[in-house]
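>>> Please work out how this folds:
(one chain, ligands or ions: 1)
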Amino acid sequence: MQRFTCPFCGPRDETEFHFAAEAAKVRPEPAPEVTDAAWADHLYGTDAPKGHAREVWVHLTCGEFFVMTRNTVTRDVADTEALPGRRA
Ligand SMILES: [Zn+2]
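Predicted structure coming up:
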């Protein structure tokens, strides 16, 4: 069992967290010109990098979204931080 650190609550069991999205993913714009394929890729496509990754996760217990930097191969978590504009 792995422990993740919520920036707001501290270390908690991994079962309290859920992956939300890749961090810094850019929404395609302008919306009226975005094709269905481009929108579907934005919603469901992922780069799924091997190794270092920055991802948005949610702590289900407190409902806060935050950025987790982790290694997708070793599962080591390097850092967790609140989203810009949110204070832990
Ligand atoms: Zn939390």
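>>> Would you map the strands across the chain?
3-6, 10-13, 17-22, 52-59, 64-71, 77-82 (DSSP state E).
>>> count of neighbours near P84?
P84: 6 surrounding residues under other Cβ atoms under 10 Å. Where you see a C-beta, it was placed from the backbone N, CA and C, and this is true even at glycine.
>>> nearest to L43, of the strands of the chain?
strand 17-22 (9.4 Å; Cβ to Cβ).
>>> what about the spatially closest residue to C9 that is not a sequence neighbour, how many neighbours?
Distances taken as Cβ to Cβ, 6 or more residues apart in numbering put C62 closest to C9, at 5.4 Å, once the chain neighbours are dropped. C62 is flanked by 13 other residues according to other Cβ under 10 Å.
>>> same thing with P32?
5.
>>> who's in contact with the closest residue to T72 other than its chain neighbours?
Nearest non-adjacent residue to T72, counting by Cβ to Cβ, 6+ apart: A53, 5.2 Å away. By Cβ atoms under 8 Å, 6 or more residues apart in numbering, the residues touching A53 are E22, T69, R70, N71, T72.
>>> Of those, which is the nearest to D79?
Closest approach to D79 among those (Cβ to Cβ): T69, at 4.5 Å.
>>> what sits against A40?
Going by Cβ under 8 Å, 6+ apart, A40 touches no other residue.
>>> ok, it to the ion distance?
To the ion, A40 is 31 Å away according to Cβ to the ion, to the nearest Å.
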